[in-house]
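1. Next input, structure requested:
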Amino acid sequence: MAREFARTDRVGQEIQKEIATILMREVKDPRLVMTTVSAVELTRDLAYAKIFVTFFTNEVSEIKSSIEVLNEAAGFIRSLLAKKLRARIMPHLRFVYDSSMAEGVRMSSLVDEAVASDKHIAESSERDATASNEATDINNEENS
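-> Numbering: from 1, shown residues only. So this is what the prediction gives:
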């Protein structure tokens, strides 16, 4: 069992590398923005591959357009991939946007905001405590 998964991982890595090269050198569609292949998921029988891609843009319309272009060109990319890889079965390709990078950036900014907010709250409560202590000291001196 474990050996089968190792094989799908190895084949997936090879497909990822080759598709990245194909997209960079062979696919010349002007609608396609700068594309990075971030991961490949293969079915156990190697018949289907889900290709996760990211783009150099955050604009939703450009991302959707690029995914459509890639899925339309999947047959062409598959034929080029078959020429480069020696495999009995060449998987059917389906391109999917990988939102993990954008989600990671969003989470990082939320953490940064929370840290800055906590720091601001700590500084203001420190100032309030210092002012309160000074007022108490002044009241104690006046009463003495």
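
2. Okay, the residue nearest the centre of the chain and residue 91: tell me how far apart.
-> The centroid of the chain falls nearest to residue 101 when counting by CA atoms, centre = their mean (2.2 Å). Distance, residue 101 to residue 91, using CB to CB, to the nearest Å: 24 Å. Using the backbone N, CA and C atoms, a C-beta is placed for each residue, glycine as well.

3. try residue 68
-> 20 Å.

4. wait, residue 37 sits on residue 53?
-> Yes. Here residue 37 reaches residue 53: they are 5.6 Å apart, a contact under CB atoms under 8 Å.

5. wait, what's in contact with residue 55?
-> Listed by CB atoms under 8 Å, 6 or more residues apart in numbering, the contact set of residue 55 reads 33, 34, 35, 36, 62, 63, 66, 97.

6. Using ChimeraX, define a selection of the buried residues within those.
-> Listed next is the ChimeraX selection for buried residues among those, using 16 or more other CB atoms under 10 Å:
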select :35,63,66,97
